[in-house]
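Q: Build me a structure from this.
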Amino acid sequence: MRTARKARWIAILLSIASLALVSCTGGAPDVPAAAPAAAPGVAAAAVWPILGRETGCPYCNVVGTAFARASESIDILLASLDASANPVVEALVAAAGRGVAVRVLLDQSDFEPSITTKNALARDYLVAHGVDARLDDPATTTHAKLAIVDRAAVVIGSTNWNRYALFEHRQADVLVEDGRLAAAYGAWFDRLWTDPAARLPFAFASPPSPGEGSSLVALPDAGESTLYASFVVDALGRARRSVHAILYRISVYPQFADSATSDLVRALVAAAGRGLDVRVLMDDCSFYADSAQANLESAIYLYQSGVEVRFDDPAETTHAKLLVIDGETVILGSTNWNYYSVERNIEANLALVRMPEVAATFESSFATLWATGRAIVP
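A: Below is the predicted model:
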């Protein structure tokens, strides 16, 4: 497929000998005093899914705790940041005040002035409080939501740092304590920090393979790479039982069949055609007319192609970008299924492969949202 040919970067595959899982749907994580035991020579990973809104802001609790424990560095890559009354920003500024080296790279938009205005205000606030903050190149769209703490832990997912995203929207994020993953994303961040235009001749070693056992796969995209799409298309092709997705935005481009986004949609439809349980919960984007129309058209197309589709409550915003495959593999991050997100933006995603304990938490969230979703036909 086109995505496999076009992908400019190679994913890094991180085999996990042992895994500690803490489900974070409420308060701060109960971080273990020591890393979980692992086989000799192989590091362990600790994973905290961050879900739920019934207790205020679980993301704030988990990320705030991670920042409070930082001792050396915090690197942040964000599409949107509002510093006012923001507990995550407060924790970040507190870390900088303790002498932690904090860097924040924010989006600067050449097509939406309000994004630049808001992020410029946030940058100025952070700089005034001892944080090294800057905007990216205006011709580049930074859509990632990524934090790297002490080059030892990574927070990745769909949550921007503003009141709506933190306290009102449904999101899907994860905190992973794994030095190799943090080092990989740290090296990527360093390149973006040096070159905000993100035209990077940069590759990770060790391509992912089916193999056995659990693994983490870093899926960063920038400079017109389509690593996320290539990996997801392959994962959907290997699915055996089920694909459950929560997606904020999907676009179908019948006039652009040779596109990475079309590859994603075709792979999803093909999975349903093989008789798998394929269900997609979509946000109806009722606050944005163009996105609402795109999602409606995509929902109709998927439904007519054999994929079960439901919309969320129109009063809610479901901003997650989440797939759970066969009840054991989770792929999440910042990438929407539309052209710019898949093929142009700076995005950060992560695959947690063959980790049923992690997947169970996200499956439970999917089941809850699916049960209350609205069918697109009577």
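
Q: Off-centre distance for the helix or strand in which residue 154 is found?
A: Following DSSP states H and E, one finds residue 154 within strand 153-157. How far strand 153-157 lies from its chain's middle: 8 Å, per Cα atoms, centre = their mean, to the nearest Å.

Q: do stretch 248-266 as well
A: 19 Å.

Q: Stretch 356-369 too?
A: With Cα atoms, centre = their mean, you get 16 Å for stretch 356-369.

Q: ok, now which ones touch the residue most central in space within the chain?
A: In the chain, the residue lying closest to the centroid (Cα atoms, centre = their mean) is residue 333, at 1.0 Å. Listed by Cβ atoms under 8 Å, 6 or more residues apart in numbering, the contact partners of residue 333 are 144-145, 156-158, 219, 228, 321, 347-350. C-beta here means a position set from N, CA and C on the backbone, and glycine is covered the same way.

Q: Which members of those occur in helices, if any?
A: residue 228 (DSSP state H).

Q: burial of the closest residue to the residue nearest to the centre of the chain other than its chain neighbours, as a residue count?
A: Excluding its sequence neighbours, the residue lying closest to residue 333 (Cβ to Cβ, 6 or more residues apart in numbering) is residue 349, at 2.9 Å. Per other Cβ atoms under 10 Å, the neighbour tally for residue 349 reads 26.

Q: What residues does residue 349 make contact with?
A: 156, 219-221, 228, 321, 331-335.

Q: again, 6 Å this time
A: Contacts for residue 349 (Cβ atoms under 6 Å, 6 or more residues apart in numbering) come out as 219, 228, 333, 335.

Q: Just the pLDDT for the first one.
A: Pointing back at residue 219 there. Here the pLDDT value assigned to residue 219 is 92.

Q: all helices for the stretch 251-378 of the chain, in order.
A: 260-273, 289-304, 339-343, 356-371 (DSSP state H, counting those that start in this stretch).

Q: For these, give me TSV that also has mean pLDDT and mean neighbour count.
A: Formatted as TSV, the helices of the stretch 251-378 of the chain follow (pLDDT from 0 to 100; neighbours: other Cβ atoms under 10 Å):
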stretch	mean pLDDT	mean neighbour count
helix 260-273	97	21
helix 289-304	90	16
helix 339-343	93	19
helix 356-371	95	18
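
Q: possible to save those as CSV with distance to residue 178?
A: CSV is the format used below for the helices of the stretch 251-378 of the chain (distance: least, Cβ to Cβ, whole Å):
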stretch, distance to residue 178
helix 260-273, 27
helix 289-304, 34
helix 339-343, 25
helix 356-371, 13
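
Q: So what sits opposite residue 219 in the bridge?
A: Beta-bridge partners for residue 219, by DSSP bridges, are residue 349.

Q: residues touching it, list them.
A: For residue 219, the contacting residues are 227-228, 231, 349, by Cβ under 6 Å, 6+ apart.

Q: got it, and residue 318?
A: 170, 283, 312.

Q: same thing with residue 285?
A: Residue 285 touches 291-292, 295, counting by Cβ under 6 Å, 6+ apart.

Q: related to what we said a few turns ago, quick check: the residue nearest to the centre of the chain vs residue 345, distance?
A: 11 Å (Cβ to Cβ, to the nearest Å).

Q: so where do the strands sit in the stretch 151-300 of the chain?
A: With DSSP state E, counting those that start in this stretch, the ranges of strands along the stretch 151-300 of the chain come out as 153-157, 173-177, 214-221, 242-247, 277-282.

Q: And those strands: which comes nearest residue 187?
A: strand 214-221 (9.8 Å; Cβ to Cβ).

Q: Check the offset of that closest one from the chain's centre.
A: Worked out by Cα atoms, centre = their mean, strand 214-221 lies 11 Å from the chain centre.

Q: quick one, it and strand 153-157 angle?
A: For strand 214-221 against strand 153-157, the angle by axes from the mean of the first three to the mean of the last three Cα atoms, to 10 degrees is 60 degrees.

Q: What residues does the residue nearest to residue 297 when sequence neighbours are not counted make contact with?
A: Using Cβ to Cβ, 6+ apart and skipping the chain neighbours, the partner closest in space to residue 297 is residue 252 (6.3 Å). Contact partners of residue 252, counting by Cβ under 6 Å, 6+ apart, are 265, 298, 301.

Q: In contact with the nearest residue to residue 324 once chain neighbours are set aside, which residues are there?
A: Excluding the flanking residues, the one nearest residue 324 by Cβ to Cβ, 6+ apart is residue 244, at 4.7 Å. Going by Cβ under 6 Å, 6+ apart, residue 244 touches 279, 324, 366.

Q: hang on, isn't the second one packed against residue 362?
A: Yes. Under the criterion of Cβ atoms under 6 Å, residue 324 lies in contact with residue 362, with a separation of 5.1 Å.
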